[in-house]
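In: could you work out the structure for the sequence below:
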Amino acid sequence: MTAVYSLPERLERRALATARSAILALRGADLDLEGSSVSHLGRMGLKFLLSAFQAWRDDGRRLRLIDPSPCLLEAFVRLSLATETKGEAA
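Out: Below you'll find the predicted structure:
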């Protein structure tokens with residue numbers, strides 16, 4: 001079964017502690033990050049997401065970004081990390 005976590009509206013330093021704790025608590029399982037409500041992605045938030053993708057890959061688990069907001073999608077496209085399929089990115 002795949003767990004789902006809804007990312008906060010502002011994925012930046014202030015909001016990152018809560019999101020980080022919640023996401024890391026789900027490590028070891030497949031996880032979908034629901035990103036439709038993200039309106040601001042700070043540098044630390046982007047770094048955390050990239051680290052999470054690497055950690056899940058290292059664990060042999062699946063981590064997906066589903067329903068990315070335009071803000072999230074733009075960041076991943078700019079970094080050439082987006083593959084868009086049925087509302088997914090990453």
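In: mind listing what's buried along the longest helix belonging to the chain?
Out: Counting residues, the longest helix in the chain under DSSP state H turns out to be helix 43-58. By neighbour count with 16 or more other CB atoms under 10 Å, helix 43-58 contains the buried residues 45, 46, 48, 49, 52, 53, 56. To be clear about C-beta, it is placed using only N, CA and C from the backbone, and glycine gets the same treatment.
In: need the helix or strand of this protein with the lowest average pLDDT.
Out: Least confident helix or strand of the chain, by mean pLDDT, DSSP states H and E, is strand 88-89 with a mean of 52.
In: picking up where we left off before, which strands and helices lie in contact with the longest helix of the chain?
Out: Other helices and strands packing on helix 43-58, by 3 or more CB pairs under 8 Å, 6 or more residues apart in numbering; DSSP states H and E, are strand 10-11, helix 13-25, strand 31-34, strand 63-66.
In: other SSEs contacting the first one?
Out: Right, the one you point to is strand 10-11. Short answer (3+ CB pairs under 8 Å, 6+ apart): strand 10-11 packs on strand 40-41, helix 43-58.
In: strand partners (parallel or antiparallel) of it?
Out: Applying DSSP bridges to the sheet, strand 10-11 is found paired with strand 40-41 (parallel).
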